[in-house]
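**Student:** Mind folding the following:
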Amino acid sequence: MNSRTDKVRTEKFEIVLEGKPVAIKASRYQTHNNEIRFRVSINDSPVYIFAYDEDLNKAVAIDQSSAIAAISPNIEDVIGTRLAAAA
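**Tutor:** Residues are numbered from 1 along each chain as shown. Here you go, the predicted model:
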């Protein structure tokens, strides 16, 4: 029997956006209905939830909290494109 932690891998990468390094940690997981999701931390922030969007061919932030508004659309786009390769 596999435990939940056996299914989760955390990818760490850095992007440079507007001349500043941004550290990203992303953990891919699958929901009970087989949707691909990612738990994403930006510069050790609280976790945001991203989901793979087949129409856009990238992962997009789906978190409903007010904190999601703090993510720059540029950062969301770069992260989403990078995570699409892992989806």
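
**Student:** Gln50 contacts Ile62, doesn't it?
**Tutor:** No Gln there; residue 50 is Phe. Yes. In this structure, Phe50 is within contact of Ile62 by CB atoms under 8 Å, at 6.7 Å. Where C-beta positions appear, they are placed from N, C-alpha and C, glycine not excepted.

**Student:** Show me which of the two is the more surrounded one.
**Tutor:** Counting neighbours by other CB atoms under 10 Å for Phe50 and for Ile62 shows that Phe50 has the greater number, 25 against 13.

**Student:** got a list of what that one touches?
**Tutor:** Applying CB atoms under 8 Å, 6 or more residues apart in numbering to Phe50 gives the contacts 26, 37-38, 40, 59-62, 79-80, 83.

**Student:** Mind checking which of the residues you listed land in helices?
**Tutor:** Within the contacts of Phe50, residues falling in helices by DSSP state H are 79-80, 83.

**Student:** Could you pull up the mean pLDDT of stretch 46-64?
**Tutor:** Mean per-residue pLDDT for stretch 46-64: 88.

**Student:** buried set for it?
**Tutor:** Using 16 or more other CB atoms under 10 Å as the test for burial, stretch 46-64 gives 48-52, 58-61, 63.

**Student:** Next, format those as TSV and append distance to Ala69.
**Tutor:** Below are the buried residues of stretch 46-64 laid out as TSV (distance: CB to CB, whole Å):
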residue	distance to Ala69
Tyr48	11
Ile49	14
Phe50	15
Ala51	17
Tyr52	21
Lys58	19
Ala59	18
Val60	14
Ala61	10
Asp63	10
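
**Student:** Among those, name the ones in strands.
**Tutor:** Among these, the members falling in strands (DSSP state E) are 48-52, 58-61.

**Student:** ok, the helix or strand where Ile15 lies: who's next to it in the sheet?
**Tutor:** Ile15 is located in strand 9-17, with elements delineated by DSSP states H and E. Note on strand 9-17: by DSSP bridges, its sheet partners are strand 20-30 (antiparallel).
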